[in-house]
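Peer 1: Predicted structure and sequence below. I'll ask about it afterward.
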Amino acid sequence: MSERPNILLIIADDHRFNAVRAFGDPIVRTPVLDRLAGDGAAFRKAHMMGGTLAAVCVPSRACLLTGANVFRASCSREVNDDENVRILDPDLALLPEVFRQAGYRTFATGKWHNDKQSFARVFCSGGPIFFGGMSDHLKVPVHDFDPEGIYPDEGIYTGEKFSTELFTDAAVGFVEEYNEHEPFFHYLAFTSPHEPRMAPDEYADMYD
């Protein structure tokens, strides 16, 4: 295997920065996140400056992926230009793209919510992939990975598990089956806890 490390980048959608037990919250129970924070790297000083839309999930991803601010990361500088603000500036190198050019195998599963052209440009494999903004977590409309980068609406199918389980299973499957010489860059983007605010019963029952 390569001496370069494999990288797993995990993003949770609309998860408050301090809603992790390891970061001091006395109520929330997050044992897996606590272990990841202890054994990996946690971005605790990052700041989202806002965006040109009321929702900041799109610009948050755009800024992370491009390393640019909200006025530079996408193709639009206009307020409420919902369609074009999702298109990442094609003149900017994207984080997975940099790793891919450095010889990493890039894999993605979960929510993208930016343009499909950018996704196709930077990932070698992936799936299931959610290109939308929000949906019922038990019925997420997803695509399988297409090496040609074509993701037509007729290719959408509905995930049969809660969104977190759906994307986690894909991520675990990729890691367990990976046997290439090159290291991997794995982009795992959860839709939860983004609206609609719902959780599997076993977790919802933990809290008042």
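Peer 2: Structure's in. What do you need? Numbering: from 1, shown residues only.
Peer 1: The least confident helix or strand in the chain by mean pLDDT - contacts with which helices or strands?
Peer 2: Across the helices and strands of the chain, mean pLDDT, DSSP states H and E gives its lowest value to helix 82-85, namely a mean of 84. Helices and strands touching helix 82-85, by 3 or more C-beta pairs under 8 Å, 6 or more residues apart in numbering; DSSP states H and E, are helix 57-66. For the C-beta atoms, the positions are set from N, CA and C on the backbone; glycine is no exception.
Peer 1: which other residues reach the helix it packs on?
Peer 2: For helix 57-66, the surrounding residues in contact (C-beta atoms under 8 Å, 6 or more residues apart in numbering) are 11, 13-14, 48, 50-53, 68-70, 72-74, 85-86, 88-89, 92-96, 112-114, 118, 133, 189, 194.
Peer 1: now those: which count as buried?
Peer 2: Neighbour-count burial within the contacts of helix 57-66 applies to 11, 13-14, 51-53, 70, 73-74, 85-86, 88-89, 92, 94-96, 112-114, 118, 133, 189, 194; the criterion is 16 or more other C-beta atoms under 10 Å.
Peer 1: In strands only, show me those.
Peer 2: Helix and strand membership here follows DSSP state E; of those, those in strands are 11, 189.
Peer 1: Which members of the buried ones among the contacts of helix 57-66 occur in helices, if any?
Peer 2: Among those, the ones falling in helices (DSSP state H) are 85, 95-96, 118.
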